[in-house]
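Engineer: Make a model of this:
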Amino acid sequence: ILDYIASHYRQKIVSSVSLTLDPNSLDPRLNVVLPNFYKDFAFGGITSAMELAWAISVHYRRLRFVSQAPLGVPEEMFRFQGYAANPDSTVEAVSLQTGPLACHANDIFLCTHHSTVKTWEAHAQAMRALNRQPSQFYYFIQDYEPAFHPYGYHHAEAQASYAHPEFTRAVFNSRELADFFHTQKIAFAAEHVLLPSLHPAILAYLAGNRFRIRPKDPNHTVILCYGRPGSPRNCFETLLEGLHLHFNTTPDA
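Structural biologist: Down below sits the predicted model:
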């Protein structure tokens, strides 16, 4: 049983982030580490990460997308060349499931989920083994991910991804999220904040259906609520309590 547990642990945790550090000096390469490449599973988080990758890629002539999941058939995956801001960029797509990820000292990482920070950590460890300073990495923070998990391994794993402040260039997806991190006394070497906006595809859909948001009526308040009873992090019960409090304390509500 212990042999099985050990082999399972190595397969899931260790082998997926092992790196080979190429001693050759090569041009900087941006590595975009994602949970997977599947378009059908690309909801808000992965889609936003791909768009951020496009924006950052303008600074790099070499671009590599790294998946934590196995590669799919081409028609199931993103068209990666479309996410290179430089048309003449070299673009690769690889999976951590196929073996060690060969890297060199000038590799730069964009981490898009707390589990993807492990790939940068493995690269940093390889750099330290050669008595070199690890490079900074971009960390696209879209949620306070420890709150997604109860106390346990995954909670601690998410919390640990914030434990490299001197190497982290954090990119927050909203001012509110950045402010929350500040209340938790979590700071990074550099911080950037994105202003939320509707996805172009949603804007196009609304325009195509002649949908327009009417000017605000000063006599009415519109409340938009989002909550899922099956997802504790959405605080559905708190949402209902808030609505109950509003309609019972606000005159003419």
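
Engineer: from here on, contacts and neighbour counts on C-alpha atoms
Structural biologist: Will do.

Engineer: mind checking pLDDT for residue 18?
Structural biologist: Looking at residue 18, its pLDDT stands at 69.

Engineer: Now do the strands in this structure.
Structural biologist: 19-22, 29-34, 62-67, 90-95, 101-104, 107-111, 137-141, 168-172, 190-193 (DSSP state E).

Engineer: any low-confidence regions in this protein?
Structural biologist: Under the criterion pLDDT under 70, the flagged ranges of the chain are 1-18, 22-25, 41-43, 212-214, 252-253.

Engineer: Check the gap between the residue nearest to the spatial centre of it and residue 61 for me.
Structural biologist: What sits nearest the mean C-alpha location of the chain, by C-alpha atoms, centre = their mean, is residue 112, with 2.3 Å. To residue 61, residue 112 is 20 Å away according to C-alpha to C-alpha, to the nearest Å.

Engineer: How about residue 184?
Structural biologist: Counting by C-alpha to C-alpha, the separation of residue 184 from residue 61 is 37 Å.

Engineer: the more surrounded of the two?
Structural biologist: A count of neighbours by other C-alpha atoms under 10 Å puts residue 61 above the other of residue 184 and residue 61, at 18 against 8.

Engineer: Who are the contact partners of the more buried one?
Structural biologist: Counting by C-alpha atoms under 8 Å, 6 or more residues apart in numbering, residue 61 touches 27, 28, 29, 86, 88, 89, 90.

Engineer: got a list of what the nearest residue to residue 145 once chain neighbours are set aside touches?
Structural biologist: Excluding its sequence neighbours, the residue lying closest to residue 145 (C-alpha to C-alpha, 6 or more residues apart in numbering) is residue 158, at 5.9 Å. Taking C-alpha under 8 Å, 6+ apart as the criterion, residue 158 is in contact with 114, 115, 145, 146.

Engineer: Farthest-apart pair in those residues, please.
Structural biologist: 115 and 146 (11.4 Å; C-alpha to C-alpha).

Engineer: Which residues are in contact with each of those two?
Structural biologist: Counting by C-alpha under 8 Å, 6+ apart, the shared contacts of residue 115 and residue 146 are 157, 158.

Engineer: Looking at the contacts of residue 158, which one is closest to residue 65?
Structural biologist: Proximity of these to residue 65 (C-alpha to C-alpha) peaks at residue 115, which lies at 15.3 Å.

Engineer: how many neighbours does residue 191 have?
Structural biologist: Under the neighbour criterion other C-alpha under 10 Å, residue 191 is assigned a count of 14.

Engineer: and it, what is it in contact with?
Structural biologist: Contacts of residue 191 by C-alpha under 8 Å, 6+ apart are 169, 170, 171, 172.

Engineer: what's across from it in the sheet?
Structural biologist: Beta-bridge partners of residue 191, counted by DSSP bridges, are residue 170.
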